[in-house]
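In: what follows is a predicted structure for the sequence shown.
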Amino acid sequence: MSAKAVSSGNTLAVSRRSKRSLANSKWPVLILFLPPALLLFTVLVILPMGEAAWYSFYNWNGYGSPTQWVGWRNYQLIFRNSAFTQALINNGLIVLASLCVQVPLALWLATMISSRIKGALFFRLIFFLPYVLADVAAGMIWRFVYDGDFGLVAGISQFIGVEPPFWLADRDLAMYAILGVVVWKYFGFHMMLFIAGLQAIDKSVLEAADIDGATGFQKFRLVTLPLLGSTVRLSVFFAVVGSLQLFDMIMPLTGGGPSNSTQTMVTFLYNFGVTRMQVGFGSAVGVVLFVICVTLAFSYKRVFMRND
Amino acid sequence: MSSRYHRMRLISATAVALAGGMFTAGSAAADSVIRWMHVEQVPGNIAVWNQIARDFEAKRPGVKVELQFLENQAFKAKLPTLLQSNDAPSIFYSWGGGVLKAQSETGTLRPINAAIDANGGEWRKSINASAVDGLTFDGKVWASPARTGLVSFYYNKELFKKAGVDASKIATWDDFLGAVKTLKQAGVTPIAGGGRDKWPLHFYWSYLSMREAGQKGFADAKAGKNDGFAGKPFVKAGERLAELGKLEPFQNGYLGATWNDALATFGDGRAALILSFENTPSTQASNSTSRKGLADDNIGRFPFPVVSGGAGLTTDSFGGLNGWAVTKNAPPETEEFLRYMASIDVQKVLARDTQIMPVAKGASEAISKPLLKEVAEALAKETWHQNFLDQDLGPNVGAIVNDISVEVVSGSMKPADAAQQIEDAYSLERK
């Protein structure tokens, strides 16, 4: 008891001393290390952000300097644009697919192959492979798969003797075809997160549940899942942020079409801002996207990841 | 202290002297450098352009022509920034239209009026008037015409024969719709379309509105007269396009098909028609599954039909118009070089070796392929040359024209709404 008190007194003294010396030596370190980072951050992050916010109040095509001040018109145009509404809906759909299909699927697979059974490593590799592919490459591969003239889908439908479908050319189905690719591409990544989380769970807890006579499902629901909570929350966070950024897979697949049915916010920015040389409008979209991202990220971290 | 000050002055003076010396020496050695930025990826054509530059250098000692070839997207992405920097090229490839106009308004370009009208307008007179007109805004010629083009229908003779359609009888839009129906009944897919890229379908809306409105009606719409692009002819054009769409004339999945897919569909003989550029005979071959495509003698061509009651003529043509734009700080010899490039001899070489449609009068005789010759003859007789709308109306309105063309033909937008959308967007550009 007394030995403990002495030792804690020592650490207190040490920490107080180090605090004082830190206070003394803080400035040279700050002066040496902060400016490069601060400069880079300012020049590459803060400044462009401020510029985008500034441009968003102009009607400007990128030539010369912006002169035509239009106030909030660009923002009004964005929210009146049906393609933007569709993009918001699609981003929501992607989040939904991630939550309802991707994360459960990844969790299920992870629980199956996290233990050291035969072939587990092989399957981990197989399931993780799509994630290793570049998004653009994955998009192009799936464009061929979905192609109704020469693709895999065409081959299969010819084999069963039906007219080949053109999913990517169908307004009502194209987005679901893309959701399929998104799930295929990223479930492996979430699975790996879960495997890491599962391996961190203390085996003795599960053993204790075994001794108490818990069934497999009970063990999963009452022991594994609660202990995996922080990983699940992290995984969902990645899914949400990833959905907001989804761009490079959509471009080779559909380019946002047909009839803007597969736009996401970023493809909307590209198609309506960059390719149309509407720098002012595009900047406004960027600002909206930024606000949505920041709000989502911070509130999610505040609400769900507070204790992680 | 004073000695140090003295030394400093000495050093800076030497530096200035050295720099000055280097500058004069540099300018004496390099003379004039014309920096030329071009969009060209075909190796054979690059060789032709390089040869033109070398020939000019030989004719004009002391002038050096430096070429830079960029890929299309890279070129378009790089140009706006380059134009505003000190690194701007002397001349660059331009698609004319609204983009060229926007560039001209920033003061980064130099009009070529003085040169083109020198010697009693000898240069101007040697070029097709419609080409010069197409690159003129506010009375100033902002680019030297380089090449022109024509969009028309190309058809598969064999498939037409199989369905019993006579292409020479297609003169009006109703004839055309009749031909589409007959082809469908014969089990032939009538038209190859590239809906994913959108612009291949904007050809239809553009041609139909040209045929409905005519040259004057089109100019009036641009000026905002008669309800502008929301006016009657443009709604009517949309209605006719919707009429075509209702017949389901395109191959399956055309909304997901790129332009290259459409060319392949035509080149493989999977569709009978394509509304396309003058270079279709070669591009349908290179995009086809077999890389050989249809034989030249199996391809026929006819102009876009006229519409009953419309003001447009069959000789009003729709197609590309390209030129060389000159930047403000280009060396004075630049215009001389452009004059050389527009001369009939060089234009003949270009027509023969790169198969472009030349702009110099009489240069088209160098074209040997019958289908290309036919196009050149049609262009020589044209009554109006309308540049692609996505160039002419500027990138933003152009993109909207592309969008609505797809929407209208696929039946998801009403023609009147489509016309109104274009007018809404274009009204912002009129200022």
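Out: Perfect, thanks for sending it.

In: grab the nearest non-local neighbour of residue B:288.
Out: Of all residues not flanking residue B:288 in the chain, residue B:267 sits nearest, at 3.0 Å (Cβ to Cβ, 6 or more residues apart in numbering or on different chains). Every residue, glycine included, has its C-beta placed from N, CA and C.

In: pull up the residues of the stretch 151-300 of chain B that are close to chain A.
Out: Within the stretch 151-300 of chain B, the positions near chain A by Cβ under 8 Å from any Cβ of the partner chain are B:195, B:196, B:198, B:252, B:253, B:254, B:255, B:256, B:257, B:261.

In: among those residues, which pair sits farthest apart?
Out: By the measure Cβ to Cβ, those have their two most distant members at B:198 and B:252, which lie 18.2 Å apart.

In: who has more neighbours out of those two?
Out: residue B:198 (22 against 18; other Cβ atoms under 10 Å in any protein chain shown).

In: need the contact list for the more buried one.
Out: A:257, B:402, B:403, B:405, B:406 (Cβ atoms under 8 Å, 6 or more residues apart in numbering or on different chains).

In: pretty sure the third one is in a helix, no?
Out: Looking back up the chat, that one is residue B:403. Yes - under DSSP: H, G, I helix; E, B strand; the rest coil, residue B:403 sits within a helix.

In: give me the pLDDT for the residue lying closest to it once chain neighbours are set aside.
Out: Using Cβ to Cβ, 6+ apart and skipping the chain neighbours, the partner closest in space to residue B:403 is residue B:198 (6.4 Å). Per-residue confidence (pLDDT) for residue B:198: 92.

In: residues contacting whichever residue of the stretch 51-200 of chain B sits closest to chain A?
Out: Among all residues of the stretch 51-200 of chain B, residue B:106 sits closest to chain A, at 4.1 Å; criterion: Cβ to the nearest Cβ. By Cβ under 8 Å, 6+ apart, residue B:106 lies in contact with A:63, A:64, B:83, B:84.

In: quick one: buried ones out of those residues?
Out: Buried by 16 or more other Cβ atoms under 10 Å in any protein chain shown: A:63, A:64, B:83, out of the contacts of residue B:106.

In: what number of residues are in the vicinity of residue A:54?
Out: 13.

In: which residue packs closest to the closest residue to chain B within the stretch 1-150 of chain A, ignoring adjacent ones?
Out: Residue of the stretch 1-150 of chain A nearest chain B, by Cβ to the nearest Cβ: residue A:64 (4.1 Å). Excluding the flanking residues, the one nearest residue A:64 by Cβ to Cβ, 6+ apart is residue B:106, at 4.1 Å.

In: quick one: name whatever helix or strand follows the host helix or strand of residue B:349.
Out: Applying DSSP states H and E as the criterion places residue B:349 in helix B:344-353. Proceeding N to C from helix B:344-353, the next assigned helix or strand is helix B:370-380, under DSSP H and E.

In: any chance of a markdown table for the contacts of residue B:198, columns pLDDT, distance to residue B:202 and neighbour count?
Out: Converted to a markdown table, those look like this (pLDDT from 0 to 100; distance: Cβ to Cβ, whole Å; neighbours: other Cβ atoms under 10 Å in any protein chain shown):
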| residue | pLDDT | distance to residue B:202 | neighbour count |
| --- | --- | --- | --- |
| A:257 | 81 | 14 | 25 |
| B:402 | 93 | 5 | 20 |
| B:403 | 93 | 9 | 23 |
| B:405 | 96 | 4 | 27 |
| B:406 | 95 | 8 | 28 |
